[in-house]
Each structure stands twice: as structure tokens, then as C-alpha cells.
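# when you get a sec, could you give me coordinates for this:
(2 chains)
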Amino acid sequence: MSLEAGLFTAGPIERRKRRVERVAHVILLLTTAALILPLFAIVIYLVVKAWPVLSWSFLVENPQHYMTAGGIWAPLVGTFYVVVLSLAIAAPIGVLAGVYLNEYARENWLTRLVNLAVVNLAGVPSIVHALFGVGVFVMMAGFGRSVAAASCTLAIMTLPVIITSTREALAAVPFAFREACWNMGASRWQTIRTIVLPNAIGGILTGVILQVSRAAGETAPILFTGAVFYVAVPDSGLASFFPYGLRDPFMALSYHLFTIATQVTGVSEALAYGTAVVLIALVVTVNLVSIVLRVRLRSRRKW
Amino acid sequence: MTPSLDRRAGLSRRFSRLGEPAVEWAIRLCGWSAIFFVFAIFFFVFREAAPVLFGELDLEEFFTSVNWRPDSTIRPQFGILALLAGTASVTALAMAISVPAGFGAAIFISEFCGPKAREALKIVIELLAAIPSVVWGFIGYMVLNPVIIWTTGAPIGINILNGGIILALMSVPVIMSVGEDALKAVPDAYREAALALGASRWQLTTRVLLPAAKNGLLAAALLGVGRAVGETMAVLMATGHSVQIPHGVLDPVRTLTATIAAELGETVVGGTHYRVLFVIGGLLMVMSLLVNLTADLIVNGVRGRPNT
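I've put the predicted structure just below:
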């Protein structure tokens, strides 16, 4: 090869570099695809298997004949109650804690300790949350196995993520906004209430909404704190919307899926697949709402 | 000034004198609540466990015996070695799959694909992370089970392989998103310098980004381990129920978490079996605490400032 041609054509090292680059690209692409495509295949498979039972009446009918027939109304309502109650407990505490960490906390050992506690609380295994719930809410507080005990357990489990997402949402509000408000003579809390929180509310909401799907799907923490095998629930009328009191045990969608898949015999497969599909649909819908909300807020942001 | 405005001003002044400190204290208390809850969880789990932990439980047998016979009327035995082996084997298999795959996907998303594909992939990964563990368990139990029997010829498809695959898919989102954050935290100047020297993107990744982001990537892997060790419902449904030391990936095992979930409902409150399950819970708590503290120290350093 002459020198002039060698200047402008790729040499062996360059060619090898490009070849490795192409191979790496393809391998990484395949790895990513291997994580995602089977998921789509599985979801489609679940929907196909569940197709025979998927209908409106599946949602609004109660389980019948020892849970081998009927729908999922009772567990659906139970999940709804527990999720709403647990968020009603966790959201205010979590948001205020996020405000504390981002607006009040100084850089000292106490703040460091709080941050470590949040990280560790998020890492506590869900079954340990269940043990804690049994020890504190079921036994010591005397709630028994009930909606109240399960909601409190779930609330503590969702708390760290709400704290983290709130803090991030608050940290995204530019510091100049606060300075401007302080310069008008506003106090710290006035600044937070009128400037910081309104500007961060979208981010905070996204974090809280995400916890709806997490709380709805969790099984282990409610296993011994309130979710039970079967509860007879009124089939129709207003009473069917308020089947559980605070002190009553309840049925939950996630636990219901576990029991009809592994514990009850004689359940038609479609029923179990149907429950799984409803649970997935619920969680995915909630997540998509949160994603859409996030994208819209980001595009409308003024800074 | 009109009287009503005057009164409102007075009210708000009174609020700022009395109400504002109250609000600020409420905020402080909520902020400190996380510390309170972590200590409360420790306290109550160990309070329930204490009577057997410092009493009748033979700790040597507890950690070294493979005999888990809590219901034996002659002589109940509480040896968790087989359960530890179950947790370790399933976690190890899950990590062997999910760490390379998660890092690969993180590198792809952060360095190799365009901004639109990146957004789409991140949303899909977010949805992957949102699927509840009981649904993963269901997939292992109903879908993967026959597939494993069919491909490997094993008598039961609910085993380490099944649980490992399911747990790998569950921990990939954590590993990937934390790993991607670590790669993104590498300053762009590093990338520009490498590209200016004529490096390809793959050379840039292996020679510059991976060494620079190694702390963050290590933390990502550790968080994946934490998630896998603590996972309950999926392993309860997908790994089978034999308390034994596994000899291959097709053996069914029982993990620590699954043991608590399967047995707590059948124990007598305050009995030895009940308290031993709390001891296991305390052990899990300590394990996850160590994993999380290590990951946090790696990422944030001792003083809480991010390492660069």
C-alpha cells in the first residue's frame, strides 16, 4: 500500500476499532432487547390466557363458590381502601419530611443521620415491614388484623420514596425564587407555602401517584396485618361500596392473586390470569398517568 | 387602612408569632420521623425476638444446622443454614444474570442510543419496575414453570433457576437506573477528551467511563443484591418449598423471606417458632442495612458528599 493511499484509508488498527465498536453496539442492543421483549411477550400471553374472563362483570362481581368463580369486586375495593388510607397517612408526613430535608436541614450530622435513615427505610425488606406491622399495629396498638393495621404498615413502607421524590421536586425549584421572596420580607414558611410548594407540586404529585401503584401491588406487608383469604361482601347496592370498616379484615387484589394461584384448588386458570392482568393494568395505568403528568409539567415549566 | 384589613394583618402577625413556629416544628418532627421509624422497626423486631435470641435458641445450631423442623413435637430444631443457602443461591444466580444485563442496558441507554429512544426505554424500564412482586411470582409459577420443565426436563419447574430469572428481571430496573445515573455523573469533559483522542464509543466506555463510574456501578449492583435478598412474594411462589442445601440450579429451595411469609400465619403468637421467625426477620434487617449502608458510603462517602 502506498503512503498516499494509507493516509486516507483506514489502517488495521482503525478497522479493528470499528469492528469492535459495531459488535459492542449490537451486543448492547440485544442485551437491552432481551430485557424488554420477553416482558411484552409475557404480558400478551397473560392477556390471551385471561381473555375468557375479562369483562365488566368480572370487575364488579364478588368471588363465588369458594373463590372458584365470580369476579374480583371484594378484593378490588379492599385494595382501594388500603391504598387511599395508607397514602393519607404517608403523604403528609413524607411531603413535610421532604420540605424539612430540602428547606430547613443544615449540613450537619443530624441531617446526615436523617438521610441515612431514609435510605435504610427504603431498603428494609417488605416482609420485615410485615413483622413490624404485626408487632406494633396488630398487637400493641390493638388494631387486630384490619384495614387500619395494614394501611399503617404500608404507609411506613411508602414513606421513604415519598420523602425522596418530594426533596427532588423541591430541589428543582431555583434558589433565586426563594431569595426573591425573602427579599420581599417573607418568612421562611411563607416562602415555602407561597413560592416553593406551588412550583414543586407537580413533582411531588408524581412521586405520590407512583406510590399508589406500589402500595396496590405489595403483598408481603399486608399478609399478616389485615389481608385475609375471604370476606363475604354485599353483592350490590350502596353497601357493596363500603364493605370494610377500619377494624375489619379485608380482601386485597394482590393477596387474592396469591391465594387463587397457589392455595385454592379447582380455580379455573383464566380466573387467576384475569386477576393478574387487572393488577398489571391498574399499576401500569397509574404509572402512565404519573409519566404523562411529569412530561406535561416539564414542558410547561417556566424556568 | 380599613378595620377589616387591619384585623387581617393583626391575625397574620399573630399567626407568624404562634402558628409559624408550630408549622416549623411539625416539619422538623416529620423530617426526623424517618430516624424514629428505622429505630422503631429495629426495636420491635428485636423485642419480639429477644426472649429466644438470649434464651433457648442455640445460636450455633441456628447458623450451622440444616435441620429446620419448627413443628416437631419431640424436639423442634431451628437451623437456618439451608435457608441461608437458598437465599444465597437464588440471589447469586439473579445477580449473575442481572448485573451484566443491567450494566449493558445502562451503557446502551446512556451512551449508544439517541435521546428519543432513551426516553422511551426509560419509560419501559419504569413500567418494568412497577410490576408488583406477586405478579412476578405468578409469572414464575404459571408461565416459567412449564417452560423450564419443557426445556431442561427437570421434574419441577419451580426451582432456583426459575426464582433466579424472576429475581433478575425484578432487580434489573434498580441496577439499570442507578448504573445509568453513575454513568451520567461522569463529567462530559472526560467524554470530549477521549473522543478528541480518536476513541470509539466502546473504547470511551471501557477505558474512561467504567473506571470513572466504578463506585456508582458497584453501588448499583449492591442495591440489586439488597432488592433480591429482601424480595418475598416472588421467591415464595417461584423457588419451591424444599428446605435443603441445593446441588444444582434445578433444585427447589426455600429462602429466609419465604420462610417467614409461609409460616408466620400458622404460629402461636409468642411461641418459640413465632419468635424464631422474628430472629430471621432481624437477620434480614441487619443484612439489608449493611448492604444499603455500604452502597451509600460508596456513593456519598463518609461525610455525605458525593465522590467525584
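
# how far does stretch A:187-204 sit from the chain's center?
The chain centre lies 24 Å from the centre of stretch A:187-204; the measure is CA atoms, centre = their mean, to the nearest Å.

# care to break chain B down by domain?
B:10-44, B:83-241 (automatic domain parsing).

# quick one: which of those domains has the weakest pLDDT on average?
The stretch with the lowest mean pLDDT among those is domain B:10-44, at a mean of 84.

# distance from the chain centre to that one, please.
On the basis of CA atoms, centre = their mean, domain B:10-44 sits 30 Å off its chain's mean C-alpha point.

# tell me where chain B has strands.
Taking DSSP state E as the test, the strands found in chain B are B:68-69, B:77-78.

# packing partners for the last one?
Spelled out, that is strand B:77-78. helix B:59-64, strand B:68-69 (3 or more CB pairs under 8 Å, 6 or more residues apart in numbering or on different chains; DSSP states H and E). Yep, even glycine has a C-beta here, placed from its N, CA and C like the rest.

# run through who's touching that strand.
For strand B:77-78, the external contacting residues (CB atoms under 8 Å, 6 or more residues apart in numbering or on different chains) are B:Leu57, B:Glu61, B:Phe62, B:Ser65, B:Asn67, B:Trp68, B:Arg69, B:Pro70, B:Thr272, B:Val276.

# isn't the third one right next to B:Ala82, touching?
Meaning B:Phe62. No: B:Phe62 lies out of contact with B:Ala82 (CB atoms under 8 Å); the separation is 12.0 Å.

# what about the stretch 51-200 of chain A, any weak spots by pLDDT?
A:66-68 (pLDDT under 70).

# any idea where the helices of it begin and end?
Here the stretch 51-200 of chain A has its helices, by DSSP state H, counting those that start in this stretch, at A:56-60, A:73-99, A:109-123, A:126-133, A:147-171, A:175-183, A:188-191, A:197-217.

# so does the second one get close to chain B?
Yes: with CB under 8 Å from any CB of the partner chain as the measure, helix A:73-99 is seen reaching chain B through A:Pro92, A:Ile93, A:Gly94, A:Leu96, A:Ala97, A:Val99.

# near chain A, which residues of the stretch 201-308 of chain B?
Counting by CB under 8 Å from any CB, the stretch 201-308 of chain B comes close to chain A at B:201-203, B:205, B:223, B:226, B:229-233, B:237, B:257, B:260-261, B:264-265, B:269, B:277-278, B:281, B:284-285, B:288-289, B:291-293, B:296, B:303-304.

# buried only: go through the residues you listed for me.
Among those, those classed as buried by 16 or more other CB atoms under 10 Å in any protein chain shown are B:201-203, B:205, B:223, B:226, B:229-233, B:237, B:257, B:260-261, B:264, B:277-278, B:281, B:284-285, B:288-289, B:291-292, B:296, B:304.

# returning to that earlier point: adding distance to A:Gly133, write the domains of chain B out as TSV.
Shown next, in TSV, are those (distance: least, CB to CB, whole Å):
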stretch	distance to A:Gly133
domain B:10-44	9
domain B:83-241	13
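
# comparing these, which comes out most buried?
Mean neighbour count (mean count of other CB atoms under 10 Å in any protein chain shown) peaks for domain B:83-241 among the domains of chain B, with a mean of 21.

# what distance separates that domain from the centre of its chain?
12 Å.

# same question, stretch B:48-66
Stretch B:48-66 has its C-alpha centroid displaced from the chain centroid by 26 Å (CA atoms, centre = their mean).

# pLDDT value on A:Lys214, please?
Just so we're on the same page, residue A:214 is Arg rather than Lys. At A:Arg214, the predicted lDDT confidence score is 87.

# burial measure for it, as a count.
Neighbourhood size, A:Arg214 [other CB atoms under 10 Å in any protein chain shown]: 20.

# distance of it from A:Trp189?
Distance, A:Arg214 to A:Trp189, by CB to CB, to the nearest Å: 30 Å.

# do the same with B:Met285
Taken as CB to CB, the span from B:Met285 to A:Trp189 is 36 Å.

# returning to that earlier point: nearest to A:Val48, out of the domains of chain B?
domain B:83-241 (11.4 Å; CB to CB).

# start and end of the closest one, how far apart?
Across domain B:83-241, the terminal residues are separated by 10 Å (CA to CA, to the nearest Å).

# circling back: point out the most buried one among the strands of chain B.
strand B:77-78 (a mean of 19).

# residues contacting the residue positioned nearest the centre of chain A?
Computing the C-alpha centroid of chain A and ranking residues by CA atoms, centre = their mean puts A:Arg214 first, at 2.6 Å. The contact partners of A:Arg214, by CB under 8 Å, 6+ apart, come to A:Thr158, A:Val161, B:Ala130.

# tell me how far the residue sitting nearest the centre point of chain B lies from A:Pro125.
For chain B, the residue nearest the mean C-alpha position is B:Arg227 (1.7 Å; CA atoms, centre = their mean). Distance from B:Arg227 to A:Pro125, counting by CB to CB: 9 Å.

# and for A:Val289?
As for A:Val289, its distance to A:Pro125 is 28 Å (criterion: CB to CB).

# who has more neighbours out of the two?
Per other CB under 10 Å, whichever of A:Val289 and A:Pro125 has more neighbours is A:Pro125, with 24 against 16.

# who are the contact partners of the closest residue in space to that one that isn't next to it in sequence?
Closest residue to A:Pro125 apart from its sequence neighbours, by CB to CB, 6 or more residues apart in numbering or on different chains: B:Gly230 at 2.9 Å. Contacts here follow CB under 8 Å, 6+ apart; on that basis B:Gly230 touches A:Gly123, A:Val124, A:Pro125, A:Ser126, A:Ile127, A:Val128, B:Thr257, B:Leu284, B:Ser288.
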